[in-house]
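Asker: Generate coordinates for the sequence data below:
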Amino acid sequence: MWDFFTRPVRTRSTEDGSTQGSRSSTVQGETPPGTAFSGSPSSFNQGFLRASQNKLFHLLAPTVNFKDVTLTPSVSGMQVKLSGRKTSLDLQNSKDNLPDITQLPRLGVQKNKLVIIMVGLPGRGKTFLCNKLKRYLNWLGHNTQHFNVGNYRRKNKGNEEQDASFFDQKNEAGARARQEALLLALDDLMEWLKSGVGQVAILDGTNSTNERRNFLRSQFHGRWQYLFIESICSDEEVLNSNYRAKMRYSPDYKGMDEEKAVMDFRKRISNYEEVYEPITDRNLHYIKLIDMITGRAHLDINRISGYIPGKMVFYLMQVCKAGGTARKLWLTRHGQSEFNMGGCLNANFKLEWLFAPGVLLQHDPAGSSGTGCDCEARVVSDGVQGWWYREKAVADQDGQSEFNMGDRLGGDSSISAAGDRYASLLPAALLSRLPPDGVISLSVWTSTLKRTIETARKLPFPKLQWKALDEINAGTCDGMTYSEIAKTMPEEFAARKKDKLRYRYPAGESYMDVIQRTEPVITEMERERESVLIVAHQAVLRALYGYFQGIPLDQVPSLEIPLHTLIELTPMPDGTMHEARLSVDVDASEAQFMHQPPPHADGLPLQPSYTTSQTVA
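Answerer: Below you'll find the model as predicted:
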């Protein structure tokens, strides 16, 4: 805090040539340092306030508020105008009037902006971490962008060969090209943060020397918050696995023989090792990940504070833990309502309660949700075409329940006969996606509602119930149909239609609430070493799927999670997910899965040679 009694006041010249605010001067009403105070407490408080206000005036009077400044570029000179006040200042061509830019007031650090700078040798999982963090922070609502310097390098290379010799520190042309790529990435990164949309920017590169890191600090210091994340690994087995995974998917080695590619990549790493300098400066803000899955793992966390950096530390600890064996994740809902069974697909129908009488709507089977809830319909009358929301057809996402056959929200009923058929076929569907030989560790997670528990009851795997996986809470709308909501609560119906992501049911939840509620589920899924099948509800599955596939938040409430479908997600070396979907015909037998293509038919092995944590090291 400011010490108003002893702190010197900035010197200001007066008309008679004397000075105000010198170290020895005393403002009227101020008790000089070391002088005993005599008088009533109220007079002391008044004197203190007068002294505080006077000294604050002297301290702040010369300061320019940049909110009132308009900078206007000019060919002949610089103009600075103070608007919104009685006085104005025009600085034109005169050298006497031009201000010393080093003396101009500076904007403070924008603490709502964060730059994450990656550090580490090639093959240490930096891009994996970038994609994970980007997906996680965006999912939480913090607009995050990933800037990969390697992508800028590849974009600008033209026909230039960029083998290991390109990364030799003695190669001046290569050094210039890499520096140019860095500057291009920085330009885009800064524009992103200045745009007003961006909140977090991740700079993905080796940044392996103190000189390079000091240069980056000079770009961000005093503007935005920044921190470094360094990834270190010395385990040869893990590194070999990482290198081979990178050769299969890296654009630098596309179409190259794997053995030759690995050899060239090792030479590239050797060139970087000649100049690599780990972070040792304790004045920096950094997170250092060291041998995260080798049994000797530890984190070095230095000068890290704040909400987002703190969440990043905890998140990285979970992501780096999920190693050892390859795994898969499955998501499934099981829902079919009586409305769907009545022939909604390709059917014409009238909704006179929502539209003008006589307006004919045709269901769009290729819409955003297929046979699920909030199907879209096309207006076909009078030659006018547009998109409208129709009455919700399916409220629940589990097995077809006795409750949702009536097209009502919420409830905790049992599954119907059709739902039970899907529950009977689900074990065979899942087993068809497991490796034919070997043992796989798998657990099943459900909500605490009966319909998901009954859907999963025939699966021969350990089961875990999560309250966090329960369906979105519809509050006072629980048990109502959407047509009833539209008739009795039109304002609520309109508000939900306007912003489905943030709309909160009266005394209930919004999609953003569901995302916050399911964050612990994401955390546990990331740290699990075994495969996981989640049987849950559509709103919850939309939230989970949106995280794993990096879907923009505003699209999450409209994601297509089809009925009777097993969604399979396979972790990739760069932190993304490969997706495959297995549709189940509830009217057919288990023989339908015998004709499914093998899990590796799409070119991705069921048991890849990499794991999520191995790519972190």
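
Asker: need the contact list for Phe147.
Answerer: Residues counted as contacts of Phe147 (C-beta atoms under 8 Å, 6 or more residues apart in numbering) are 185, 188-189, 192, 201-204. C-betas here are computed from N, CA, C, even on glycine.

Asker: next one: Asp437
Answerer: Here Asp437 is in contact with no residue (C-beta under 8 Å, 6+ apart).

Asker: Assumed it was part of a strand.
Answerer: No. Using DSSP: H, G, I helix; E, B strand; the rest coil, the assignment for Asp437 is coil, not a strand.

Asker: Turn the contacts of Phe147 into a markdown table, columns for secondary structure, pLDDT and neighbour count.
Answerer: Compiled in a markdown table, the contacts of Phe147 are given as follows (DSSP: H, G, I helix; E, B strand; the rest coil; pLDDT from 0 to 100; neighbours: other C-beta atoms under 10 Å):
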| residue | secondary structure | pLDDT | neighbour count |
| --- | --- | --- | --- |
| Ala185 | helix | 98 | 21 |
| Asp188 | helix | 98 | 13 |
| Leu189 | helix | 98 | 20 |
| Trp192 | helix | 96 | 19 |
| Ala201 | strand | 98 | 27 |
| Ile202 | strand | 98 | 24 |
| Leu203 | strand | 98 | 24 |
| Asp204 | strand | 98 | 21 |
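
Asker: Pull the most distant pair out of these.
Answerer: The most widely separated members of the contacts of Phe147 are Trp192 and Asp204, with 13.6 Å between them, by C-beta to C-beta.

Asker: Residue ranges in the stretch 301-450 of the chain under the pLDDT threshold?
Answerer: Residues of the stretch 301-450 of the chain meeting the criterion pLDDT under 70: 322-325, 334-407, 438.

Asker: Can you classify Asn159 as helix, strand or coil?
Answerer: Going by three-state DSSP: Asn159 is coil.

Asker: CSV for the contacts of Phe147, including distance to Tyr482?
Answerer: Formatted as CSV, the contacts of Phe147 follow (distance: C-beta to C-beta, whole Å):
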residue, distance to Tyr482
Ala185, 47
Asp188, 43
Leu189, 44
Trp192, 39
Ala201, 41
Ile202, 40
Leu203, 46
Asp204, 44
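
Asker: Please identify the one among these that lies nearest to Glu484.
Answerer: Nearest to Glu484 out of the contacts of Phe147 is Trp192 (C-beta to C-beta; 45.1 Å).

Asker: contacting residues for the closest residue to that closest one other than its chain neighbours?
Answerer: Nearest non-adjacent residue to Trp192, counting by C-beta to C-beta, 6 or more residues apart in numbering: Gly198, 4.0 Å away. Contacts for Gly198 (C-beta under 8 Å, 6+ apart) come out as 113, 143-145, 192.

Asker: Swap in 10 Å and give it another go.
Answerer: 113-114, 142-145, 189-192, 224 (C-beta atoms under 10 Å, 6 or more residues apart in numbering).

Asker: any idea which of these is closest to Ser510?
Answerer: Looking across the contacts of Gly198 and measuring by C-beta to C-beta, the closest to Ser510 is His142, at 17.5 Å.

Asker: where's the closest residue in space to the closest one that isn't next to it in sequence relative to Trp224, distance?
Answerer: Excluding its sequence neighbours, the residue lying closest to His142 (C-beta to C-beta, 6+ apart) is Gln199, at 4.9 Å. Here Gln199 is placed at a distance of 10 Å from Trp224 (C-beta to C-beta, to the nearest Å).

Asker: try Ser234
Answerer: For Ser234 relative to Trp224 (C-beta to C-beta), the value is 33 Å.

Asker: Just want to know which of the two has more residues nearby.
Answerer: Each of Ser234 and Trp224 had its neighbours counted (other C-beta atoms under 10 Å), and the higher figure belongs to Trp224 (21 against 11).

Asker: ok, back up a step: tell me which of the contacts of Phe147 is nearest to Asn240?
Answerer: Asp204 (22.5 Å).

Asker: ok, now which ones touch that closest one?
Answerer: With C-beta under 10 Å, 6+ apart, Asp204 has these contacts: 116-118, 126-127, 129-131, 134, 146-151, 185.

Asker: Ile301: helix or strand, and which one exactly?
Answerer: strand 298-302 (DSSP states H and E).

Asker: Please point out which parts of the very next helix or strand once past that strand sit buried.
Answerer: Using DSSP H and E, the helix or strand that follows strand 298-302 in sequence is helix 307-319. Residues 308-309, 311-312, 315-319 are the ones in helix 307-319 that count as buried (16 or more other C-beta atoms under 10 Å).

Asker: Quick check: Thr446 touching Thr452?
Answerer: Yes. Between Thr446 and Thr452 there is a contact at 4.1 Å, judged by C-beta atoms under 10 Å.

Asker: circling back to that earlier point, among the contacts of Gly198, name the buried ones.
Answerer: The buried subset of those - by 16+ other C-beta under 10 Å - is 113-114, 142-145, 189-190, 192, 224.

Asker: can you put those residues in JSON lines and add secondary structure and distance to Gln179?
Answerer: Converted to JSON lines, those look like this (DSSP: H, G, I helix; E, B strand; the rest coil; distance: C-beta to C-beta, whole Å):
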{"residue": "Lys113", "secondary structure": "strand", "distance to Gln179": "24"}
{"residue": "Leu114", "secondary structure": "strand", "distance to Gln179": "24"}
{"residue": "His142", "secondary structure": "coil", "distance to Gln179": "30"}
{"residue": "Asn143", "secondary structure": "coil", "distance to Gln179": "28"}
{"residue": "Thr144", "secondary structure": "strand", "distance to Gln179": "25"}
{"residue": "Gln145", "secondary structure": "strand", "distance to Gln179": "22"}
{"residue": "Leu189", "secondary structure": "helix", "distance to Gln179": "15"}
{"residue": "Met190", "secondary structure": "helix", "distance to Gln179": "16"}
{"residue": "Trp192", "secondary structure": "helix", "distance to Gln179": "20"}
{"residue": "Trp224", "secondary structure": "strand", "distance to Gln179": "22"}
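
Asker: Determine which two of the residues you listed are furthest apart.
Answerer: His142 and Met190 (18.0 Å).

Asker: And the residue nearest to Arg282 when sequence neighbours are not counted, how far from Arg542?
Answerer: What sits nearest to Arg282 in space, not counting adjacent residues and going by C-beta to C-beta, 6+ apart, is Asn302, at 6.0 Å. According to C-beta to C-beta, Asn302 and Arg542 sit 38 Å apart.

Asker: before we move on, what about Cys130?
Answerer: 25 Å.

Asker: Neighbour count: those two, which is higher?
Answerer: Counted by other C-beta under 10 Å, Cys130 and Arg542 do not tie: Arg542 has more neighbours, with 28 against 22.

Asker: Check the spacing between that one and Gly550 real quick.
Answerer: In terms of C-beta to C-beta, Arg542 sits 14 Å off from Gly550.

Asker: who touches both of these two?
Answerer: By C-beta under 10 Å, 6+ apart, no residue touches both Arg542 and Gly550.
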